[in-house]
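Participant: Turn this into a model:
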Amino acid sequence: MSSAMFPRTALTDAFEQGRFGDRASSGASPFDHPDSPLAKLFGNARGKNPVIKVNAATPAAPTQPRGATHAKLGMVSNSVRHILSPSSNGTAQHSLQHLWVSVELLVSKYGQGEALYEKLQQDAERASVEAARVLKAGLQVGPLVWLQALVNQWRAWTVRSETVRSLLAHLDSGFVLQNRHSGKKPSIEVLMDTFQHCVLNDEDIHVKTLESITDIIDAERQATAGATSEASTSSAPTVETEYQKLHKHVLALFIRLHSYEDLQRAILKSSRQYFSCEAESWIDAETAKADPNSPNANGIVSYVGHTQARLNEETARAKWLLELQDGKEKLVEVVRDEMVKKRARWLTAGLPALLEREATSVEALKLLFQQLKSVGQLALLGKAFVEHIVKSGTGIVTPASATAASKIKKPPQNEEDKAALRSAMADEEQIIENLLSLKSRIDATVDVAFEGHDDFKQKRKEAFEKVVNSRSGGSKVAELCAKYLDAKLRQGNKTMTDEELQACLDSALTLFRWSHAKDMFEEFYKRHFAKRLLLNRSASSDFEQMMLLKLKEECGPAFTQRLETMLKDIALSDEMMKAYSDRRQDSDEFDLHVNVLTQAHWPAFPAISIQIPPSMAQVSQHFEQFYSVRTSGRKLFWAHSLGTCTVKAQFHSGEKDLQVSEFQAIVLLLFNGLDDKDFLSYESIAEQTGLEPKELKRTLQSLACGRIPQRILRKDPQGREIEDTDKFRFNFKLQNEARRIAVNQIQLQETEEEQASTETRVLLDRELVLQAATVRIMKAKKQLKHSELLQQVVDAIKARFQVDVAEIKKQFETLIEKEYMERVEGDRSTYRYLA
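Facilitator: Below you'll find the model as predicted:
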C-alpha cells in the first residue's frame, strides 16, 4: 500500500517535493502555528506570540566548542528518547522551544545532522523495543484485550512521533533533504519503520496480532451460523459491533506501517480454513442422513440457503474488514470457492432430488444455479440436468409394465398375463400426460430458476429428443402424441378453457417436433382425424383448423394436403345429402346420411363383411341409385365399420336414444320382439349377423360388459370376456337418467390389428420414400460416391423420419436390382444413374 493513499503532513510533502531550504528560507517556526503539535504541547508558557529571531545567514564554521556541541546533541537525544518512551508521559525534559532551536543549531550551524539522525534511529529503536516488551508481557490475554493494547501503544506512538517530527523539522528540511538520494528518510518515516520492525514485525507480536484478528472474525461467524440457515437471502446485520470500531484502528496501523498485505493474506487464509471446515461438516451431516451419491433435497435447499447467507454476510464484512477492493472481492471469492466450487459435484448430485420434489421452491433452484454459475461450474449442472431428464423421461416412455408386457406371448394364455397387458395399456395411456408434466416442470426450471440460459434451453431440447426417441426410434411417442391430440380435440373445452386446451396442443406438438418418426405421427393422426370427422366426434372445427395450420407450419403443406382433402370430402358430402333428402323415398324407414370419401386420401380401414337387415339394405340401395345417376363411372364401397346409428329403445324407465355403431345396431335389432326372459345365444347372433368372431365379441363386449349405466344387454354368465357359450338378453331394467346414451366409443378405439397394420404401412412407405429420394438425387447428379449419396439421402428424409444406415444401403441394393442405378466398373464405391 503506498503511503500516498493516506493523509500526509505538509512537512513530509514538502520534503518529497524538495521545497525545504535552509533556515532563512523555511520561514517562521512551528510555534507560529497554533494548530501545530509543538504549539499545543508548549501551551502559554512562552507567551501568546513567541518570536524566535535567527540570523538569516548560515555561518561557515561552528563557533561552539566540541564538548558543548556533544552536550547539546545529548540533550536533544535524551529528550527524544524520553518523549518516545512508553514509560514516560510523552513530555520532554526541556523546553520544547529550546529543543527546537537546539536542533536548528545542530543541523544548520554545527553540522551535526548525521549524528542527530543516527541518534534518532537509536532512540526510536530503544523506545520501540521497550514498547514491544510491554506488549509481549501480555501475550496470554484474550484477542480483544490484546488488540486494544496494541492499538493503545500504536496511538501513543503516533502522537509522540508527531511531537518528535515537529522538534526535528530542521533535521528533515536540512540534512535529510540534502541526503535523500543516499536513502535518508524523514524523521516520521524513521519512527514508523522502527515501530514496524521492532513491534509489529516481532514474531510473537505479529503472530498474536494476526491470530487475534482471525479468531475474533471466526467467532463472529460462528455466532451467526445458526441464523444464516434460517434466513438465506437476508442481508448481514448493519449494526456496528465493538470489534468493528476497534478494527478501524487496527486496519489503519497495518496500512500506515505498510503491512496491509500481511493482514489481508492472514484473513483470507483463515477464512478459507473456516469455510472449508464448515462446508465439510455440513456435508458430512447431510451425508449421514442420506445416500452420499444422492443427497437429500432438504439438505441441498438448506445448504444453498446457508451459502447465500454466508456470501451476503462476507460481502458486508469485507467492506470494513479490508481496505482494497481486490481483497474484498477475494474474501467473497473464498466463500464461493470453498462452499460452492469445491462442493459442486455434491450439489449437482442433488439436482434430481430437487427437481423431483414438488415442494422445492424455484428460489432454491435459482440460488443453486447462480452459485454454480459464479464459480464457472454450469457444465456440471448441465450434465446432471440432462441425465435427470433422460432418466426420468425414459422411465415414463418405457414403463416397467411395458417391458413386462412385451415378454407375454400373444394372445395371453392366463388371467395373470391379461392383467399385465391391461396394466401396460393403462400406463401407456398416461405416457404423454406424464411426459408433458415432466416438460412443464423442466420448462419452469429453465425459464425461471436457470434464468432462460441458452445453454440449458439447448440441453433441454437435446435431452427430450433422446427421451422421445428412446422407444422404437420415436415411433411409440409419435403414435401416442397422435392419440393424445385426438382425445383433446374430441373433448374440446369441456374440461378446460380454450387457452388451456391450446397450451396442451402446443405442448404435444413440441413432443412431436422432437420425434424422429414424424411419418408415424402423420399416419396415426390421419386415422384419428378421419374417425373424428366420420363419427362427428370433433368438439370444435376451429381447433381442427388451427391444428392443421400448426402442422402445416411445422412440416410443410405436403404434410396436411390429405387432411385438407378429407375436410373437402365431408363438405361435399353434406351438399350431396341435401340433394338426396329432397328425393328421399317414402318407403325408407329411417333417415340416412352418407359421407362419400376419396379413397386415395383417406386411411384404409378394414373391410368387414356383415349381413345387413333388409330395411337397412333397402335404404342403401336407394342411395346407390341416386349416386349412380349423379356421378357416372364411379362405384361405391361401403365401410360398415365406420357407420353409426341412433336407435330408439324402450326400457322400463322409458324411451332412450342409443348412439351406437352400425355393428351394435344390427346386433340390437335381433332383440326386437323378445321379452325380458328371452335369450339369444352367441352362436345364434353370429349366424344372423355374419360378423367374424373377433369383431362380434368386441361388439357384444361393448354392449354387455361396459359400465353399468351403459349395459344394454345382460350376459349369462357374467364376466369380462365373451365366450362362445354365452347367452344374452335385452336389459329392460337399465338405470340411466340420460335421455341419450352413447355406447359407440368402441369405434374410436383402435384395435391391435389396425395398429399393427398402420405401423406396417408406415414401414413399407419408408422403403418407398427412401427409394424415391435416392432416384431423385441420382437423376440430378448422374454419378455419386457411396458416402455422398448416403449423406444426401439422409438429409432428404430426416424431416420425416430417421433410419439406420443399413436400411438405406438395403434400398440401394433394391434399386440396383430394379436397374435404376448401377455400380461403376472398377470403382465399386461409386453409383451411376441409369436412364
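Participant: Quick one: mean pLDDT over the helix or strand encompassing Thr699.
Facilitator: Using DSSP states H and E, Thr699 falls within helix 693-704. Across helix 693-704, pLDDT averages out at 91.
Participant: now do stretch 296-315
Facilitator: 92.
Participant: Same check on stretch 480-489?
Facilitator: For stretch 480-489, mean pLDDT rounds to 91.
Participant: Send over that stretch as CSV, restricted to the C-alpha atoms.
Facilitator: The C-alpha coordinates for stretch 480-489 follow below in CSV (Å, rounded to 0.1, in the frame of the first residue of the first chain):
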residue,chain,number,x,y,z
LEU,A,480,-49.2,-41.7,-28.6
CYS,A,481,-49.0,-38.0,-29.5
ALA,A,482,-51.5,-38.5,-32.2
LYS,A,483,-53.8,-40.3,-29.8
TYR,A,484,-53.4,-37.6,-27.2
LEU,A,485,-54.3,-34.9,-29.7
ASP,A,486,-57.3,-37.0,-30.8
ALA,A,487,-58.5,-37.2,-27.2
LYS,A,488,-58.1,-33.5,-26.6
LEU,A,489,-59.8,-32.5,-29.9
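Participant: If you count neighbours, what's buried in it?
Facilitator: For stretch 480-489, the neighbour count (16 or more other C-beta atoms under 10 Å) marks 480-486, 488-489 as buried. Glycine gets a C-beta too; all of them are placed from N, C-alpha and C.
Participant: Does anything pack onto the next helix or strand after the helix holding Thr699? Which helices or strands?
Facilitator: On the C-terminal side of helix 693-704, the closest following helix or strand by DSSP H and E is strand 713-716. Packing partners of strand 713-716 (3 or more C-beta pairs under 8 Å, 6 or more residues apart in numbering; DSSP states H and E): helix 693-704, strand 727-730.
Participant: quick one: the helices in the stretch 151-300 of the chain?
Facilitator: Using DSSP state H, counting those that start in this stretch, the helices of the stretch 151-300 of the chain run over 169-171, 177-178, 187-195, 203-223, 225-228, 242-256, 260-289, 297-321.
Participant: Arg776: which of the ones you listed is closest?
Facilitator: helix 297-321 (54.8 Å; C-beta to C-beta).
Participant: now the closest one against helix 203-223, angle please.
Facilitator: 140 degrees (axes from the mean of the first three to the mean of the last three C-alpha atoms, to 10 degrees).
Participant: Flag every buried residue along helix 297-321.
Facilitator: Under 16+ other C-beta under 10 Å, the buried positions of helix 297-321 are 297-315, 317-318, 320-321.
Participant: Quick one: mean pLDDT over whichever strand or helix holds Val769.
Facilitator: Per DSSP H and E: Val769 is located in helix 752-781. Averaging pLDDT along helix 752-781 gives 87.
Participant: other SSEs contacting it?
Facilitator: helix 475-491, helix 518-534, helix 786-797, helix 805-817, strand 821-824, strand 827-833.
Participant: quick one: buried residues of it?
Facilitator: By neighbour count on 16+ other C-beta under 10 Å, the buried set for helix 752-781 is 754, 758-759, 762, 765-766, 769-771, 773-774, 777-778.
Participant: again with stretch 718-733
Facilitator: 722, 726, 728-731.
Participant: Next: stretch 352-361.
Facilitator: Counting neighbours by 16+ other C-beta under 10 Å, stretch 352-361 gives 352-355, 360 as buried.
Participant: Tabulate the residues you listed in TSV, adding columns for distance to Lys289, secondary structure and pLDDT.
Facilitator: Shown next, in TSV, are the buried residues of stretch 352-361 (distance: C-beta to C-beta, whole Å; DSSP: H, G, I helix; E, B strand; the rest coil; pLDDT from 0 to 100):
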residue	distance to Lys289	secondary structure	pLDDT
Pro352	17	helix	90
Ala353	12	helix	88
Leu354	15	helix	89
Leu355	19	helix	89
Thr360	17	coil	68
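Participant: Go through the residues you listed and name the one nearest Asp569.
Facilitator: Nearest member of the buried residues of stretch 352-361 to Asp569, counting by C-beta to C-beta, is Leu355, at 47.7 Å.
Participant: Tell me if I'm right that that closest one and Arg441 touch.
Facilitator: Yes: using C-beta atoms under 8 Å, Leu355 is in contact with Arg441, at 6.7 Å.
Participant: Between which two of the buried residues of stretch 718-733 is the distance greatest?
Facilitator: Farthest-apart pair in the buried residues of stretch 718-733 is Ile722 and Phe730; separation 16.6 Å (C-beta to C-beta).
Participant: Per-residue pLDDT of the residue nearest the centre of the chain, please?
Facilitator: Nearest residue to the geometric centre of the chain (C-alpha atoms, centre = their mean): Phe450, 3.4 Å. You'll see Phe450 listed with a pLDDT of 95.
Participant: Would you check that it makes contact with Phe456?
Facilitator: Yes: contact criterion C-beta under 8 Å: Phe450 and Phe456 qualify, at 4.6 Å.
Participant: a markdown table for the buried residues of stretch 718-733, including pLDDT and distance to Lys518?
Facilitator: Compiled in a markdown table, these are given as follows (pLDDT from 0 to 100; distance: C-beta to C-beta, whole Å):
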| residue | pLDDT | distance to Lys518 |
| --- | --- | --- |
| Ile722 | 90 | 38 |
| Asp726 | 93 | 44 |
| Phe728 | 94 | 45 |
| Arg729 | 93 | 49 |
| Phe730 | 94 | 48 |
| Asn731 | 93 | 46 |
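Participant: Among those residues, which one lies nearest to Arg583?
Facilitator: Nearest to Arg583 among those, with distances taken as C-beta to C-beta, is Phe730, at 35.8 Å.
Participant: Leaving out the residues flanking it, which one is nearest to that closest one?
Facilitator: Once flanking residues are discounted, Phe730 sits nearest to Phe671: 4.4 Å by C-beta to C-beta, 6 or more residues apart in numbering.
Participant: Ok, Thr510 next?
Facilitator: Lys439 (7.2 Å).
Participant: Please settle this for me: is Val660 part of a strand?
Facilitator: Yes: with DSSP: H, G, I helix; E, B strand; the rest coil as the criterion, Val660 is part of a strand.
Participant: And it, how close does it get to Lys648?
Facilitator: 11 Å (C-beta to C-beta, to the nearest Å).
Participant: And the two? Which one has more around it.
Facilitator: Neighbour count, other C-beta atoms under 10 Å: between Val660 and Lys648, Val660 has more, with 27 against 9.
Participant: contacting residues for that one?
Facilitator: 644-647, 668, 743-744 (C-beta atoms under 8 Å, 6 or more residues apart in numbering).
Participant: Of those residues, which is the most crowded?
Facilitator: Asn744 (22 neighbours).
Participant: contacting residues around that one?
Facilitator: Counting by C-beta under 8 Å, 6+ apart, Asn744 has contacts 535, 644, 659-661, 664, 702.
Participant: Dump the buried residues of helix 752-781 to JSON lines, plus distance to Ile685.
Facilitator: What follows is those, written out as JSON lines (distance: C-beta to C-beta, whole Å):
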{"residue": "Glu754", "distance to Ile685": "23"}
{"residue": "Thr758", "distance to Ile685": "29"}
{"residue": "Glu759", "distance to Ile685": "32"}
{"residue": "Val762", "distance to Ile685": "36"}
{"residue": "Asp765", "distance to Ile685": "38"}
{"residue": "Arg766", "distance to Ile685": "41"}
{"residue": "Val769", "distance to Ile685": "44"}
{"residue": "Leu770", "distance to Ile685": "47"}
{"residue": "Gln771", "distance to Ile685": "47"}
{"residue": "Ala773", "distance to Ile685": "51"}
{"residue": "Thr774", "distance to Ile685": "52"}
{"residue": "Ile777", "distance to Ile685": "57"}
{"residue": "Met778", "distance to Ile685": "58"}
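Participant: Just to check, Arg345 is in contact with Leu380?
Facilitator: Yes: the pair Arg345 and Leu380 passes the contact test of C-beta under 8 Å, sitting 6.6 Å apart.
Participant: Tell me which of these two has more neighbours.
Facilitator: Leu380 (16 against 10).
Participant: which residue packs closest to that one, ignoring adjacent ones?
Facilitator: Residue nearest to Leu380 in three dimensions, not counting chain neighbours: Thr348, with 4.7 Å by C-beta to C-beta, 6+ apart.
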